[in-house]
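# Let me see the structure of the following:
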Amino acid sequence: MEGRALAARGTPSGAPRLGDARRRRRLLGLGLLLAGLLACVVAGISVGARSIPLDDVWRLLVSPDGGENATIVRSLRVPRTALGVLVGASLGVAGVLMQSHTRNPIADPSLLGVSAGAACGVVLGIFLADVGSLTGYVWFALAGALAASTAVFAIASGGGRGPTPVTLVLAGAAMTALLSAVTSAVVLVDQQSLEVFRFWRVGSLVGRPPEVIWQVLPFLLAGLAIAVATAPGMNALALGDDVAVALGQRVRVTRAAGILAISLLTGASVAAVGPVGFVGLMAPHLARAITGPDHRWLVPYAALCGASLVLIADVIGRVARGSGEVEVGIILAVMGGPFFIALIRRRKLVAL
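Just a heads-up that it's a prediction; the model follows:
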């Protein structure tokens, strides 16, 4: 509690040396995470069914020769790796916001019905509008995600008292159940919707055209900007709504901005690659174990951890089978299962 109070008020003037030392450690950790992410990016571009030496990768990036390796590097692996970085960073930050707003250490970004809304939007787009391309699915997924999160926030705010962590979780669970039922009903009566939904819901970076990145990029950047801007307010909310009000925070505004950021980050990510699980659960706890509860550091740390997790899972999926690939969503589920078990068994990891 004392650490959270210091994060909300700022470091006391009487302890500059302690604050400077903590800041140096956090900056060092940030640099190490950036170096680790860079290594993951290099592996994502060079490792695969056809491994390409690092010197060839650099040469093909700078001056492509038009050969097969140049096509693999520039047209396939670079866009795929870039999408993995964006999605992983976004889900990591969304996980921080989700756990903080609900005060639930095992919450992930799908808890507010965002993933279910995106899935329902895709299925309805296929069924009602006969959408047949991935770039078309993205817009329906985004619309479904934003509509679901808006409905959850409105329901949780019923009675004029404003949303609370408990009402947000309950409204999110109810909305997820409702939208999942609608999605199941549609795919049972329409074969085309079922086939597309089965492919999309696995969660994969494979087969996503570069245009998808540019479609979701504005939403991801907006969500990340809101998350950074509201980080100081989240420090105050962590002390409780009454204390946050006493510190001058506008609780409803901060919470509404956080829900909007979660919706943008999760909705755009799910729209692009499908419902990739466990990133929003693992990345915040890995970041919190290093930085502590200060959201001003948690947000960038979780972004780097999430991006690295997705790229590591993607590389493992490429080399796990001799021929073909294992989708990143499956690899993350395998990684996330043991992490989740360890999380609920260790008190110091569970405490927010």
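# Model confidence for the closest residue to residue 131 other than its chain neighbours, exactly?
Closest residue to residue 131 apart from its sequence neighbours, by Cβ to Cβ, 6 or more residues apart in numbering: residue 125 at 4.2 Å. (C-beta placed from N, C-alpha, C; glycine too.) You'll see residue 125 listed with a pLDDT of 85.
# Where does residue 125 sit: helix, strand or coil?
helix (DSSP: H, G, I helix; E, B strand; the rest coil).
# what's the spacing between it and residue 193?
9 Å (Cβ to Cβ, to the nearest Å).
# Over to residue 280?
26 Å.
# These two: which has the busier surroundings?
Legend: neighbour count by other Cβ atoms under 10 Å for residue 280 and residue 193, higher for residue 280 (32 against 20).
# Off-centre distance for the helix or strand harbouring the more buried one?
For residue 280, the element it lies in under DSSP states H and E is helix 279-291. Taking Cα atoms, centre = their mean, to the nearest Å, one finds helix 279-291 lying 12 Å from the centre of the chain it belongs to.
# Would you indicate which residues of it are buried?
279-288, 290-291 (16 or more other Cβ atoms under 10 Å).
# can you check stretch 217-226 too?
Of the residues in stretch 217-226, those buried (16+ other Cβ under 10 Å) are 219-220, 223-224, 226.
# Kindly reformat the residues you listed as CSV containing secondary structure and distance to residue 170.
Below are the buried residues of stretch 217-226 laid out as CSV (DSSP: H, G, I helix; E, B strand; the rest coil; distance: Cβ to Cβ, whole Å):
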residue, secondary structure, distance to residue 170
219, helix, 27
220, helix, 28
223, helix, 24
224, helix, 28
226, helix, 24
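# and of the buried residues of helix 279-291, the nearest to residue 80?
Using Cβ to Cβ, the shortest approach to residue 80 within these belongs to residue 279, at 16.3 Å.
# so the closest one sits right up against residue 306, yeah?
Yes - at 5.0 Å, residue 279 counts as touching residue 306 under the criterion of Cβ atoms under 8 Å.
# Name the spans of the protein whose pLDDT lies under the cut-off.
Low-confidence segments of the chain (pLDDT under 70): 1-18, 132, 159-162, 241, 322-323, 346-352.
# Can you pull up the most central residue in it?
When Cα atoms, centre = their mean is applied to the chain, the residue found nearest the centroid is residue 91 (0.5 Å).
# Which helix or strand contains it?
Using DSSP H and E, residue 91 sits in helix 78-102.
# Once you drop chain neighbours, what's closest to residue 273?
Closest to residue 273 by Cβ to Cβ, 6+ apart is residue 87, at 5.4 Å.
# Check the gap between the one you found and residue 42 for me.
For residue 87, the distance to residue 42 - Cβ to Cβ - is 18 Å.
# do residue 343 as well
Look at residue 343 and residue 42: by Cβ to Cβ, they are 30 Å apart.
# Burial check on residue 55, number of neighbours?
8.
# do residue 210 as well
14.
# and the closest residue to it other than its chain neighbours, what does it touch?
Once flanking residues are discounted, residue 210 sits nearest to residue 79: 4.4 Å by Cβ to Cβ, 6+ apart. By Cβ atoms under 8 Å, 6 or more residues apart in numbering, the contact set of residue 79 is 208-210, 213.
# Let's see that with 10 Å instead.
Applying Cβ atoms under 10 Å, 6 or more residues apart in numbering to residue 79 gives the contacts 205, 208-213.
# Also residue 41?
The contact partners of residue 41, by Cβ under 10 Å, 6+ apart, come to 77-78, 81-82, 84-85, 307-308, 311.
# 8 Å - rerun?
So residue 41 contacts 81, 85, 311 (Cβ under 8 Å, 6+ apart).
# Pretty sure the first one sits against residue 310.
This means residue 81. No - using Cβ under 8 Å, residue 81 is not in contact with residue 310, being 9.6 Å away.
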